[in-house]
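K.L.:
the amino acid sequence is not available; the structure is as follows:
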């Protein structure tokens, strides 16, 4: 086959001439120059546009700032006038209320003494203390209602006293009276118990042969058991209606003892703790000018005169120190005597001496402990250990259970027609029971065997031995039911009151078990005396989110999504009402307070006592991670939010935590109708974007931001067409419609105050 002819395309390529190459290079260079020129012109144009845009923005900002500067003083003055007007109206209203209450108290003819009048209350205390006819348990429980009412009245007067009229001497006198009334109640309960125990045999149960007695009123529930038979087979006893069970080791079952349980809804111990009060250091005092001049004159004198003066001063100082030491020993001896007397008469009598020693602020939660110097504070801190309960971080819930081991006095004996009674002191004697107490001759062998030589189960023997080794003595078993109207958000933690250290402590408890369904709490302990359940104050902090939205005129809904509970507080006029959100877990413990209207201060107190603590204190930031803000700006913002709460809704913003301490960021929008709450979920996101604006407030100004809550990066650029204002109040005025402004102007000052109290108490801006 002949070869195929070569294709002309596959032949030798044509070469470009030198001229063509030069031409192509020239065209390429010109093209690059043209592109560079176009890019340069475009960049210059963009730069001119950027500079022009920045110039316009700067001029607009300067114009807005100039306008703000012109009206800043006027807005500040207007807001101050509004706040002052509301403050004066509140002050006058409270003064009229106090005057009326004082007059009604004066005209009261119930026979109850006025606790503010020293002669009246002292007469009441002395008469009841010396009246032996009023020592019966029924009379004491009835009289305790009046005593507790007098204590509550004094506590309210201390809390209600206006700052501008606060008289420290009067407050201190009220606190001393509260302590005396508390001690009096304890003494009378002890006297009534002593009377019952002396005649225990006549009230013995027909089946068991032991004393089994229950006496109660709405606040105090006393259960009394007396070991009359000393049955070695005794294991435990249950007060069925009170849901209280105790188990005694064999050593106690064979002795003349009585068990007294007093469950009180009040707590008269926590305020005695050093850690109960917030601490405030004293400012260093500068010496008076006269002393300084005097020291300079002494320094100018001769060395000899100076030496003599120093020796003389040293001698006077030593003598003064000796006098101070002698004077200091006297109250110490008095304290020891008073404590000894308290051991005989009860816990309350013991605490009285300590309180009079100078525990500041007793009976008033707003009192402040002032430390004299850092060295004293360090010495006190060294006394604490890991078992000490910090009352700044924990609170007692459900009242106090007094679990007392008492000595059973000799019982009357019937001899033919004679009734023989051994005469004893009319004092209640407590039996010491602790690891270092040998008064009962306790031994571990008693927990290992039973009567008739029968041995315990090996597992029970091992458990008893472990508990005795852990506690240092055979433990006492206790099972009790927690109150149905107290919410425990975590497993309850037991604590006992140490009279020596004046503090709640955690040691001495083993085998603590809690059944959440039945609310039964069981434990083993060697601690007799006041027992209590404690819970973390800040368990619901920090909050996840919050929202304040209007429902109508002088009507708003305040919602807090806390760490555990979702709380909803409805505010109408001067009153508040606690509710739970519709989608939150229903808690039966809150039935007693749900839907009840009360004043903000009362609602706050009730919620705390119920276990719903949404109210941080001044030092709560030590225990909770917060977004700390300028306190003046934060408090001023709460006041302005309250002023506009009738028509403007507010909500938390995620950007608030990233804006520093000087700036506060929150969401806001006008709401005139009580529509369905805005849905924070994705399906409601578009609605929120359209309705909610992002507001930024600082000490200098308040403004609406251009960005929204859902941006990825933060920007403090103000929204187009908006203006800077001196405060949130005037910025909201600028964002509101005329109907909204009209509703705001007609808001009652008591509604404004109620909203402010709830906002300031929860501090949602810093704690969310």
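P.N.:
Great, that's in hand. Quick caveat: nothing in here was measured; it's all calculated off a predicted structure. Numbers count the residues shown, from 1 in each chain.
K.L.:
can you report phi and psi for residue 706?
P.N.:
Torsion angles at residue 706 (phi, psi; degrees, to the nearest 10) stand at phi -70, psi -40.
K.L.:
residue numbering should commence at 21 henceforth.
P.N.:
Let's use 21 as the start, then, which means that last one is residue 726.
K.L.:
gap between it and residue 72?
P.N.:
Residue 726 is 19 Å from residue 72, where distance means Cβ to Cβ, to the nearest Å. Quick note: C-beta positions are derived from backbone N, CA and C, even for glycine.
K.L.:
quick one, which of those two is more surrounded?
P.N.:
With neighbours defined as other Cβ atoms under 10 Å, residue 726 and residue 72 compare such that residue 726 has more, 15 against 10.
K.L.:
now the strands for the stretch 671-788 of the chain?
P.N.:
According to DSSP state E, counting those that start in this stretch, the stretch 671-788 of the chain carries its strands in the segments 683-690, 713-718, 722-724.
K.L.:
what helices and strands are in contact with the shortest one?
P.N.:
With contacts defined as 3 or more Cβ pairs under 8 Å, 6 or more residues apart in numbering; DSSP states H and E, strand 722-724 has these neighbours: strand 713-718, helix 748-755.
K.L.:
any idea which of those gets closest to residue 37?
P.N.:
Shortest separation from residue 37 across those is recorded for strand 713-718, at 69.7 Å, computed as Cβ to Cβ.
K.L.:
rewinding a little: turn the strands of the stretch 671-788 of the chain into a markdown table, including distance to residue 575.
P.N.:
Output for the strands of the stretch 671-788 of the chain, formatted as a markdown table (distance: least, Cβ to Cβ, whole Å):
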| stretch | distance to residue 575 |
| --- | --- |
| strand 683-690 | 15 |
| strand 713-718 | 23 |
| strand 722-724 | 25 |
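K.L.:
turn these into TSV, including distance to residue 783, mean pLDDT and mean neighbour count.
P.N.:
Listed next are the strands of the stretch 671-788 of the chain as TSV, based on distance: least, Cβ to Cβ, whole Å; pLDDT from 0 to 100; neighbours: other Cβ atoms under 10 Å:
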stretch	distance to residue 783	mean pLDDT	mean neighbour count
strand 683-690	12	93	22
strand 713-718	15	92	21
strand 722-724	19	90	23
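K.L.:
so which of those is nearest residue 745?
P.N.:
Nearest to residue 745 among the strands of the stretch 671-788 of the chain is strand 722-724 (5.0 Å), distances taken as Cβ to Cβ.
K.L.:
same list, the helices and strands packed on strand 722-724, but as TSV with distance to residue 579 please.
P.N.:
Below are these laid out as TSV (distance: least, Cβ to Cβ, whole Å):
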stretch	distance to residue 579
strand 713-718	19
helix 748-755	20
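K.L.:
go through stretch 267-286 and flag the buried ones.
P.N.:
Buried residues in stretch 267-286, counted by 16 or more other Cβ atoms under 10 Å: 267-275, 277-286.
K.L.:
among the strands of the stretch 671-788 of the chain, which is nearest residue 785?
P.N.:
Across the strands of the stretch 671-788 of the chain, residue 785 has its closest neighbour in strand 683-690 (5.8 Å, Cβ to Cβ).
K.L.:
so what does that closest one touch, helix or strand wise?
P.N.:
By 3+ Cβ pairs under 8 Å, 6+ apart, strand 683-690 packs against helix 651-663, strand 668-671, strand 713-718, helix 748-755.
K.L.:
tilt between it and strand 713-718?
P.N.:
Taking axes from the mean of the first three to the mean of the last three Cα atoms, to 10 degrees, one finds strand 683-690 and strand 713-718 inclined to each other by 140 degrees.
K.L.:
the longest strand in this protein is where?
P.N.:
Counting by DSSP state E, the longest strand found in the chain is strand 414-427.
K.L.:
now do that strand, average pLDDT.
P.N.:
In this model, strand 414-427 has a mean pLDDT of 93.
K.L.:
do the same with stretch 777-788
P.N.:
If you average the pLDDT over stretch 777-788, you get 94.
K.L.:
and residue 628, which of the three is it?
P.N.:
For residue 628, the assignment made with DSSP: H, G, I helix; E, B strand; the rest coil gives helix.
K.L.:
who are the neighbours in contact with it?
P.N.:
The contact partners of residue 628, by Cβ atoms under 8 Å, 6 or more residues apart in numbering, come to 415, 635.
K.L.:
any idea how far residue 718 is from it?
P.N.:
In terms of Cβ to Cβ, residue 628 sits 33 Å off from residue 718.
K.L.:
which residues pair with residue 259 across the strands?
P.N.:
Residue 259 has these beta-bridge partners by DSSP bridges: residue 264.
K.L.:
show me where the stretch 121-270 of the chain has its strands.
P.N.:
Counting by DSSP E, counting those that start in this stretch, the segments of the stretch 121-270 of the chain that form strands are 231-236, 240-246, 256-259, 264-267.
K.L.:
with mean pLDDT added, can I get the ones you listed in a markdown table?
P.N.:
Listed next are the strands of the stretch 121-270 of the chain as a markdown table, based on pLDDT from 0 to 100:
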| stretch | mean pLDDT |
| --- | --- |
| strand 231-236 | 92 |
| strand 240-246 | 93 |
| strand 256-259 | 90 |
| strand 264-267 | 93 |
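K.L.:
nearest to residue 650 among those strands would be which one?
P.N.:
For residue 650, the closest of those is strand 240-246, at 47.1 Å, according to Cβ to Cβ.
K.L.:
and for that closest one, what's in contact with it?
P.N.:
Under the criterion Cβ under 8 Å, 6+ apart, residues 157, 161, 164, 209, 213, 216-217, 220, 224, 230-236, 257, 259, 262, 264, 266, 278-285, 428 lie in contact with strand 240-246.
K.L.:
over to stretch 279-290?
P.N.:
With contacts defined as Cβ under 8 Å, 6+ apart, stretch 279-290 is touched by 168, 202, 206, 209, 213, 239-245, 247, 257, 259, 262, 264, 266, 268, 296, 367-368, 371, 411, 415-416, 419-426, 517, 524, 550, 552.
K.L.:
next, the distance between the ends of it.
P.N.:
By Cα to Cα, to the nearest Å, the extent of stretch 279-290 from end to end equals 24 Å.
K.L.:
what mean pLDDT does it have?
P.N.:
93.
K.L.:
on that earlier part again, tell me which residues of the longest strand of the chain are tucked away?
P.N.:
Taking 16+ other Cβ under 10 Å as the criterion, strand 414-427 shows 414-426 as buried.
K.L.:
can you redo the residues you listed as TSV with distance to residue 496?
P.N.:
Output for these, formatted as TSV (distance: Cβ to Cβ, whole Å):
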residue	distance to residue 496
414	24
415	26
416	21
417	23
418	20
419	20
420	18
421	13
422	14
423	8
424	12
425	8
426	13
